[in-house]
Structure formats: C-alpha cells, structure tokens
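1. Kindly return the folded structure for what I paste below:
(chains A and B)
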Amino acid sequence: MTMNILVVDDEADIQPLFKQRFRKEIKSGEMKLHFALSGEEAVTYLASGASEVVLILSDVNMPGMSGLELLQHIRKSRSTAPPFVMMITAYGDETNYRRSMELGADDFLTKPLDFNLLKDKLKDLDAHG
Amino acid sequence: MLIEPLFALLLADYLRRKVDPRQVDYDIRQYAIRGRYIAIGLLILDVVTNSLAIDMAIRLYVVALMWLVYSRKELHVGRSLMFSMIPYLVASFVGDVVEAIDANFYDTYEYVFESANLFGVLWFGAMWFVNRSQRKALERERIRREAEETRVRVMAEMKVNLEAEVAQRTAELQQQKEELEEALEELKHTQAQLIHSEKMASLGELTAGIAHEIQNPLNFVNNFSEVSVELLDELKAGPLAQLPETATEEAEELIGDLTQNLEKISLHGKRADGIVKSMLQHSRSSAGEKSEIDINALADEYMRLSYHGLRAKDKSFNATMETDFAGDLHRIAVVPQDLGRVLLNLFNNAFYSVSEKKKSGAPDGYEPQVSVTTRNIRLTDGRDAVQIAIRDNGTGIPKAILDKVYQPFFTTKPTGQGTGLGLSMSYDIIHKVHGGEMKIDTEEGKYAAFIITIPA
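-> Purely as a prediction, here's the structure:
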C-alpha cells in the first residue's frame, strides 16, 4: 500500500533532498511524497482531496501560516481518520516543542533532520498505524 | 563749733567707699569705720566742750588723717577731696589762732575771718561738685572701656571658635572629597564592567543569532552530501555494473574520489555543526531550573571528569589535583548543568594549560598542578556569596589577550581543537543566569586563576 506523505516547508531545497533520501521507497511504490511551500498551500492541497494523506511533516517556522497554525487547522477540520502529524523545529526550541505537543502533534523532529531516525519512525508507523 | 570732724567723717567714709580693698594688704574698711567713729566722737566732743586745746587736738587728728591720704599711695583716690578741705582748715586755724592771741583784733576783723571760713566751706563745696562730676565722667569712661574690652575679648573668642569651626569644616569637606573621589573611582570601574558585560551579552546574542541562521544551510550541506554518497553507492551497484569492462575501472576510480570528497564535505559539515550547536548553547543557557546543591561536590565531580577526560586522550598526561573546600559552604541556588558546564570548561582549560607547559619545555621538576578552592564571602553590598577559585600553574594568560578571552570564537588552541566559545559561554552563565562575577588572576608563564563569585 502506498503511503501518502505531505512535506510542508518553505525551503524549496527540502524537496530534492526528500526525493533522493526516499528514492528507493518512491521507486518501489511504498511511499508517495507531496510538497507544499507554505501552510496555506498545505491547507489547499488537503482540501482538494487529491490523495489520502496519512502523514504530514511540517516545519514550524514559516512565513505566513506557521506550522503550529497548520496543525491547529488540521486537528480542527479533520476529525475522521486524522493524519499523523510530525512537527519539525530548530534545535533546542523548547517553547515550540511544548506548543506542538499541546496542539496535538503526534511526534516531533529537530533540525538537522536525522533521516535514519525518520525512516525508522516511518517503518514503525507503517507497521502499527 | 568746728566743721573739721565732719571733714574727717566725710574723708573716712569716702575712703571706705572708693579705695579698692584688693589693692591694700590690710583691712581698709575696718580702719575707715574706726576713723568714722573717731570723727563722730570728735564731733560730739566739739559740741560738748569749748576749749581751744581740744579744738587744736581735733584739728591735729584731721590733719593727720589728711597726711595719711597724701602720703600713702593706696589712698590716693581721696587726695582731691583732701585738697579741697585745706582752704577752710587753714582759714579756721588762722582765725582761732588770731582770736587766741588778740581777741580785740579778731572782733574788729571778725567779718574777714568769717568770710574766709565761708569761702573755705564754699570752696570745699564747689570742689566737691567738680570732683563728683569728674569722677562720674571717669566712671562712665571706665565702664565704656570695660565694655569695649569685653567686646574685644568676646570677638577674640569668637575668632578662635570660628577658626576651629573652619578647620573642622575644612576637614569634613576634605573627607567628603576623598569619599566622593573613591565613589567616582568605583563608579568608573563599575561602568567599565557594565560596558564590558553589555558587550559580552550582545556578542552572545549575536552568536546565537548567527548560529540559528547558519544552521539551515548547513543542514542542507550535510544532508545532500550524505544522500549523494548513498546515490553513488546505488550507482556503483546498479548501472555501473553494466558498463563495458574497459570503462569500469576508470568509472570506479572517479566514483571513489567523489565518494571521498562527499565524505570530506560531510565531515567538515559535521564539524561546523558542532560549533553551531555549542554556539546555540548560549541562548539555551537560561532554560534550566535553579536548585540548591552542594557546590563542593559539583566542583569535585567536574574536576575528576575533566582530568579523566584528558587522560583518556593522552595517557602520558599527569597532574596533581588539590581541593580546598569550605566545609560550611552556603547552599546557593544554581542551575547545576550550567554551572557544571562552566566548571568543566575551566578545569579543561586548566589541565590543558599545565599539559601545554609541560610539553613546551618547562623547567625540570615542574609539577603540573590544578587546584580548586571554595569560600564563603560577603559582598560589598552585604549579601552572602560563594566564591569558587580554579587555579593552575600552567602557561598563564598574556596581558595583551586578557580582555579578549571572553569573546566568542577567541581561542589560543590550534584550529579544530577549541571553538573559542567555552569562556564566552561560561561568562554568560555566571553573569546572566546567576548574577555573579568572573575574574581572572594570572601571570604569564606562571599561573592562572579563574575566580567565580555567585551571590546567595
């Protein structure tokens, strides 16, 4: 089964990085990556219902709608089959970590992203979620 | 009837009143009173008898009294009064003598003698008044002079008092001036310290800001280099195997070089990442909770940790550790992790310094030594405080760089061995988190001591 993942980050370079990191998984059809450059774009994409996104990886600090606002929006609007949301923040930003957890983030990743750790988490999610 | 006894009475009375008893070595009042009684006695005698001899005796007494006034220095005040009596005395005496010798002649010229007597009495009366007014004028003058003298004396006293007061005020002002100068000196010192700590604080913030900004691009560098290594591995395993035999070798060589380069990029990227992380600890330093801990134990623990850390890297390293802990050290609230980082930094520096000294040709018998001392002290503002001093007999700090050691990225260690952030961070932790102070006591080539003061 294909896992649809939405990556939200205002840095465009994050896209080739994810694509290359998850090359094998994309090739084998285990995983499908979608990207949004802002919170607003992510909301639009989710609303369009183009695909059933099960995991959202979102940066916290973005111009416009922040990751935390996006998280709030998702938790409010999608009550049935809620997607798994992981927040990504800068190293050691404790306030954002606490806010994310309060708003109902499922997990929390710090920059710089440890892709091996992320892969492990995804495998875990695949197996149990 | 004679007037002479009255004169004697007046003269005796006058002397009693006017002679200053302090200038006489006998009791003048007693004598004067006696003289008065004798004069009264003579007056009565003169009234009850009528004999020329007695009259003469009375005159003799009066003249004797007058002679005394004339001859004795202490009785001189009575002289003018005495002189004014003479004309009458003479007239009266001559009249009596003439009457005794030739009564007829006297009777014939009685009016002359009577007039002479009257003149004598008038003369005495006039002189009495003149003397009296003169005496009064003199008295007034004397009082005026006395008042003047009193005034001068009072003024002199006032002058002395004033001078004493001026001297006292001058001393007070001098003292105030000295106190003010001292205060000014202290203020200048404090200002310099404030400017310094302000500079350090802004540098710390700048450092944290820079770190945040560098972090994102650095992440990309690290991640792309890592993923590129993976891609090359894939390339080697997949498409490369299908190349003709002749091209394989060269392709593998190129891929090997590329892999190596990417690993180098990754390695140095990680190094930069380490620096960025320690820079970020600046901004994180206030996150911890304060708790009261045993600072002696903390210092001891980190001293050992630092020593064994260095020993693990360099087996030949050795140093004596000395501890001098105050048993009754105040328990003060600190952030244990933060203070631990500071202590670790300072101990690392101390051990590094002694090992450098030993390596770079220290004199024979050089004993590397690092010591830690804790003390209870009282700050100038009266607060209790704890002082931790970490001292080594290593290379010391040259004067020229002493005010740079707290600057971020300032290091004397070779490239790659120190970030130059240790002391900068320690300074921040002690000053900002604990409101304390850090001081350095050092002599180049001999010793260095870092003295931390944390108020309770």
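2. Once you drop chain neighbours, what's closest to residue 75?
-> This is for chain A. Closest residue to residue A:75 in three dimensions, ignoring its sequence neighbours and counting by C-beta to C-beta, 6 or more residues apart in numbering or on different chains: residue A:104, at 4.8 Å. Just so you know, the C-beta spots here come from the backbone N, C-alpha and C atoms, and that holds for glycine as well.
3. oops, chain B please
-> For residue B:75, the nearest residue in space outside its immediate sequence neighbours is residue B:69; the separation is 4.8 Å by C-beta to C-beta, 6+ apart.
4. That neighbour: helix or strand, and which one exactly?
-> With elements delineated by DSSP states H and E, residue B:69 resides in helix B:52-71, which encompasses its position.
5. again, but for residue A:24
-> Assessed by DSSP H and E, residue A:24 sits inside helix A:23-28.
6. Beyond that helix, next helix or strand please.
-> Taking DSSP H and E as the definition, the helix or strand that follows helix A:23-28 towards the C-terminus is strand A:31-36.
7. Alpha carbons of that following strand, in CSV - could you do that?
-> What follows is strand A:31-36, C-alpha atoms only, in CSV (Å, rounded to 0.1, in the frame of the first residue of the first chain):
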residue,chain,number,x,y,z
MET,A,31,5.7,5.9,-0.5
LYS,A,32,4.4,8.9,-2.3
LEU,A,33,5.7,12.4,-1.5
HIS,A,34,3.8,15.6,-1.9
PHE,A,35,5.2,19.0,-1.1
ALA,A,36,3.8,22.4,0.0
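8. So which elements touch it?
-> In terms of contacts (3 or more C-beta pairs under 8 Å, 6 or more residues apart in numbering or on different chains; DSSP states H and E), strand A:31-36 is packed against strand A:3-8, helix A:14-21, helix A:23-28, helix A:39-48.
9. so where's chain A uncertain?
-> Using pLDDT under 70 as the threshold, the predicted model of chain A has low-confidence ranges A:50, A:78-80, A:91-93, A:128-129.
10. Up against chain B, what does it have?
-> In this structure, chain A approaches chain B at residues A:11, A:13, A:17, A:20-21, A:23, A:90-92, A:94, A:111-113, A:115, judged by C-beta under 8 Å from any C-beta of the partner chain.
11. give me that answer again for 6 Å
-> Contacts of chain A with chain B, taken as C-beta under 6 Å from any C-beta of the partner chain, map to A:13, A:17, A:20-21, A:92, A:111-112.
12. Adding distance to residue B:247 and neighbour count as columns, could you present the residues you listed in CSV?
-> Supplementary listing: the residues of chain A next to chain B in CSV, determined by distance: C-beta to C-beta, whole Å; neighbours: other C-beta atoms under 10 Å in any protein chain shown:
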residue, distance to residue B:247, neighbour count
A:13, 33, 14
A:17, 30, 20
A:20, 25, 18
A:21, 29, 22
A:92, 49, 15
A:111, 41, 18
A:112, 37, 22
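13. Can you tell me which helices and strands the helix holding residue B:69 packs against?
-> In terms of contact count using 3 or more C-beta pairs under 6 Å, 6 or more residues apart in numbering or on different chains; DSSP states H and E, helix B:52-71 is assigned the packing partners helix B:4-18, helix B:79-101.
14. got the contact list for the closest residue to chain B within chain A?
-> Minimum separation of chain A from chain B (C-beta to the nearest C-beta) falls at residue A:112, amounting to 3.9 Å. By C-beta atoms under 6 Å, 6 or more residues apart in numbering or on different chains, the contact set of residue A:112 is residue B:219.
15. can you count the residues close to the residue nearest to residue A:75?
-> 13 (other C-beta atoms under 10 Å in any protein chain shown).
16. what secondary structure does it sit in?
-> Reducing the assignment at residue A:104 to three states with DSSP: H, G, I helix; E, B strand; the rest coil gives coil.
17. Phi, psi for it please.
-> Geometry field for residue A:104 lists phi and psi as phi 100, psi 30, criterion degrees, to the nearest 10.
18. do residue B:375 as well
-> Dihedral angles (degrees, to the nearest 10) for residue B:375: phi -150, psi 150.
19. thought it was touching residue B:387?
-> Yes. With contact defined as C-beta atoms under 6 Å, residue B:375 counts as touching residue B:387 (4.6 Å).
20. how about the residue nearest to the spatial centre of chain A, phi and psi?
-> Per C-alpha atoms, centre = their mean, the C-alpha nearest to the average position across chain A is that of residue A:57, at 1.0 Å. Main-chain dihedrals, residue A:57, degrees, to the nearest 10: phi -110, psi 120.
21. List the contacts of it.
-> Residue A:57 is in contact with A:7, A:86, counting by C-beta under 6 Å, 6+ apart.
22. and the residues of chain A next to chain B, which two are the farthest apart?
-> In terms of C-beta to C-beta, the residues of chain A next to chain B reach their longest pairwise distance at A:20 and A:92, which sit 27.2 Å apart.
23. any idea which helix is longest in chain A?
-> When chain A is scanned for its longest helix (criterion: DSSP state H), the result is helix A:115-128.
24. I'd like the distance between the residue of chain A positioned farthest from its centre and residue A:2.
-> When distances to the mean C-alpha position of chain A are computed (C-alpha atoms, centre = their mean), the maximum falls on residue A:28, with 20.7 Å. Shown here: residue A:28 relative to residue A:2, a distance of 10 Å by C-beta to C-beta, to the nearest Å.
25. quick one: secondary structure of residue B:75?
-> What three-state DSSP gives for residue B:75 is helix.
26. Next, count neighbours for it.
-> Counted with other C-beta under 10 Å, the burial measure for residue B:75 works out to 22 neighbours.
27. Tell me the secondary structure at residue B:409.
-> Per three-state DSSP, the local secondary structure of residue B:409 is coil.
28. buried sites along stretch B:253-272?
-> Across stretch B:253-272, burial judged by 16 or more other C-beta atoms under 10 Å in any protein chain shown covers B:262, B:265-266, B:269.
29. Around residue B:187, how many other residues sit close by?
-> 10.
30. Over to the one 4 residues further on?
-> Other residues near residue B:191 come to 10 when the count uses other C-beta under 10 Å.
31. Give me the distance between it and chain A.
-> With distances taken as C-beta to the nearest C-beta, to the nearest Å, residue B:191 is found 34 Å from chain A.
32. Output the longest helix belonging to chain B.
-> The longest helix of chain B (DSSP H) is helix B:110-237.
33. For it, which helices and strands make contact with it?
-> Under the contact rule (3+ C-beta pairs under 6 Å, 6+ apart), helix B:110-237 is packed against helix A:14-21, helix B:79-101, helix B:245-284.
34. so how far is that helix off the chain centroid?
-> Between the centre of helix B:110-237 and the centre of its chain there are 12 Å (C-alpha atoms, centre = their mean, to the nearest Å).
35. If you count surrounding residues, which of residue B:375 and residue B:387 has more?
-> Taking other C-beta under 10 Å, residue B:375 and residue B:387 do not tie; residue B:387 has more neighbours (19 against 16).
36. So which elements touch the host helix or strand of that one?
-> When secondary structure is defined by DSSP H and E, residue B:387 falls within strand B:384-392. Here strand B:384-392 touches helix B:336-359, strand B:369-378, strand B:447-455, going by 3+ C-beta pairs under 6 Å, 6+ apart.
37. Would you list the strands that the last one pairs with, along with their directions?
-> Here the strand partners of strand B:447-455, with direction, are listed using DSSP bridges: strand B:384-392 (antiparallel), strand B:437-443 (antiparallel).
38. Contacts for the shortest one next, please.
-> Around strand B:437-443, the neighbours that count as contacts under C-beta under 6 Å, 6+ apart are B:396-397, B:427, B:430, B:448-453.
39. any chance of the residues you listed in a markdown table, plus pLDDT?
-> Listed next are those as a markdown table, based on pLDDT from 0 to 100:
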| residue | pLDDT |
| --- | --- |
| B:396 | 91 |
| B:397 | 91 |
| B:427 | 88 |
| B:430 | 90 |
| B:448 | 93 |
| B:449 | 94 |
| B:450 | 95 |
| B:451 | 95 |
| B:452 | 94 |
| B:453 | 94 |
